[in-house]
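Student: Return atomic coordinates for the entry below.
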Amino acid sequence: MKRGDFVRLSKIGRAPGGAEPCPIQYYSSGIFAGIMSMPINHTMDGYLLESPRPKGVILLLRYVRNGVVRRGMFRSSTIRSINSDLIETQNSVWRVQKVPPLKPIEGEQRP
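Tutor: Alright, predicted model coming up:
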């Protein structure tokens, strides 16, 4: 995985000692923002804006969240370790897969 890759991030677990995952029914309302981490099975598709590295963060220009087009930015907690397609951050364990990018919208510029 490197900067510019279009990837799918899937949260597959809670990191040891990490923040408790938010129940999915409360996630979008934001009532637990800053207290709990993202729900397990949360997925995002987008472009990596930085190559992931230990002590860095996952920085993603998000196009899809949980199967629905929801553009935005994602910044993870600090990366603890990277092992093949798994990244452990301070709060979460993420599976990272390269996937084909979405077709651009007419006139849209991509990184």
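Student: Counting neighbours, which bits of the helix or strand of the chain with the lowest mean pLDDT end up buried?
Tutor: Of all regular secondary-structure elements in the chain, judged by mean pLDDT, DSSP states H and E, the least confident is helix 24-27 with a mean of 76. Within helix 24-27, the residues that count as buried by 16 or more other C-beta atoms under 10 Å are residue 27. For glycine as for every other residue, the C-beta is placed from the backbone atoms N, C-alpha and C.
Student: Distance from it to the middle of the chain?
Tutor: Distance, stretch centre to chain centre, for helix 24-27: 17 Å (C-alpha atoms, centre = their mean, to the nearest Å).
Student: which helices and strands does that helix pack with?
Tutor: Using 3 or more C-beta pairs under 8 Å, 6 or more residues apart in numbering; DSSP states H and E as the contact definition, helix 24-27 packs against no other helix or strand.
Student: what sits up against it?
Tutor: Contact with helix 24-27 is made by 32, 38, 39, 41, 42, as judged by C-beta atoms under 8 Å, 6 or more residues apart in numbering.
Student: Distance-wise, check residue 91 relative to residue 42.
Tutor: 12 Å (C-beta to C-beta, to the nearest Å).
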